[in-house]
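In: Sequence and predicted structure are below.
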Amino acid sequence: MIKAFLFDLDGVLVDTAVFHYQAWRRMANSLGFDFTHEFNETLKGVSRMDSLDRILALGGVTLTDERKLELAAQKNQWYLDLVNEMTPADILPGVNAFLAQIKQAGEQGQPIKIALGSVSKNAPLILDRVGLSHIFDAIIDGSKITHSKPDPEVFLKGAAELNVLPEECIVFEDAVAGIEAAKRGNMFALGIGSPDVLTQADLVVPSLEHLTVTELLSAVER
Ligand code: B16
Ligand code: MG
């Protein structure tokens, strides 16, 4: 029986994936190369320093650890300049209605706990900017984990903090690495995006606008 929903942040609740792309591209451009939207897909759910390593490898650039830390800090500042402009209007379509349905399900005798499972160290700030900090029973962010997705650590910690079993969880993810993390954690993986990209997901919808809590639970528990 499903007892908990674990939500990724970037690309599921808010579209900060676009801000990461802009800030990393700006950094790559400053080093004299560029990268595509397709390559950016492979960075979703991957930690800041691991993302930097992948981008530098793509550009064929080798740097000292000190310089890498400087670049990561610069990218994060460019990213935060965009995050600081966020408001509740930046919550993705369908999210608020879906969260209201979770509350309703609880009132009708089907309580569902919710957790955030993000590898972003900026997750608490983003939740605060868009007014979603108060809705979670547990928040696992980049400061609480040692391995980024596709390692299942972020979701296993979420389940543990909610006191539920992995098989009682549904993970909501837009990233290939996040879907893999959910499956490695023995959880149902709901993909938000394209089935051509999220090939390992158990079910894929284009956005939360295209799903109700009742439909999801009956699809999973059937
Ligand atoms: P930060 P998620 C991930 O968040 C992003 O998808 C990924 O692009 C980013 O590099 C990572 O957070 C670290 O973010 O630099 O803010 O610590 O998708 O797990 O919510
Ligand atoms: Mg994401």
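Out: Sure thing, it's come through. It should be emphasised that the depicted structure is a prediction, and the values quoted were computed from it without experimental measurement. Ligands and ions are numbered 1, 2, ... in the order given.
In: Show the model's pLDDT score for H210.
Out: As predicted, H210 sits at a pLDDT of 88.
In: State the number of residues packed around it.
Out: As a burial measure, H210 scores 12 neighbours (other Cβ atoms under 10 Å). For glycine as for every other residue, the C-beta is placed from the backbone atoms N, C-alpha and C.
In: same thing with E38?
Out: Other residues within reach of E38, judged by other Cβ under 10 Å, total 8.
In: Next: V119.
Out: So V119, with other Cβ under 10 Å, has 30 neighbours.
In: in whichever helix in the chain runs longest, what's buried?
Out: Scanning the chain for the helix with the most residues, using DSSP state H, yields helix 65-83. For helix 65-83, a neighbour-count test (16 or more other Cβ atoms under 10 Å) marks 68, 71, 75-76, 78-79, 83 as buried.
In: to the chain's geometric centre, what's the distance from it?
Out: Put simply, helix 65-83 sits 19 Å off its chain's centre (Cα atoms, centre = their mean, to the nearest Å).
In: And stretch 83-102, by the same measure?
Out: Worked out by Cα atoms, centre = their mean, stretch 83-102 lies 14 Å from the chain centre.
In: Just the endpoints, please. Distance across it?
Out: Taking Cα to Cα, to the nearest Å, the first and last residues of stretch 83-102 lie 27 Å apart.
In: Can you tell me the element P124 falls in?
Out: Secondary structure assignment for P124, by DSSP states H and E: helix 123-130.
In: Tell me the helices and strands packed up against that helix.
Out: If contacts are counted by 3 or more Cβ pairs under 8 Å, 6 or more residues apart in numbering; DSSP states H and E, helix 123-130 sits against helix 65-83, strand 138-140.
In: Okay, buried residues for the helix or strand immediately after the longest one in the chain please.
Out: Going back to what we said before, that points to helix 65-83. As assigned by DSSP H and E, the chain's next helix or strand after helix 65-83 is helix 95-107. Neighbour counts using 16+ other Cβ under 10 Å place 95, 98-99, 101-102 of helix 95-107 among the buried residues.
In: ditto for stretch 4-21
Out: The neighbour-count criterion (16+ other Cβ under 10 Å) identifies 4-14, 16-17, 19-21 as the buried residues of stretch 4-21.
In: and the least confident of the residues you listed?
Out: For those, the pLDDT minimum is A17, 88.
In: Tell me who's in contact with that one.
Out: 10-11, 40, 44, 174 (Cβ atoms under 8 Å, 6 or more residues apart in numbering).
In: and it, that's in a helix?
Out: Yes. Remark: A17 belongs to a helix, assigned using DSSP: H, G, I helix; E, B strand; the rest coil.
In: which residue packs closest to it, ignoring adjacent ones?
Out: Nearest residue to A17, sequence neighbours excluded (Cβ to Cβ, 6 or more residues apart in numbering): G11, at 4.1 Å.
In: Is it possible to get CSV of the helices and strands packed on helix 123-130 that adds mean pLDDT and distance to ligand 1?
Out: Formatted as CSV, those follow (pLDDT from 0 to 100; distance: least, Cβ to the nearest ligand atom, whole Å):
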stretch, mean pLDDT, distance to ligand 1
helix 65-83, 98, 6
strand 138-140, 98, 10
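In: Of those, which is nearest N163?
Out: strand 138-140 (9.3 Å; Cβ to Cβ).
In: Just confirm D151 is within a helix.
Out: No. Secondary structure of D151 (three-state DSSP): coil, not part of a helix.
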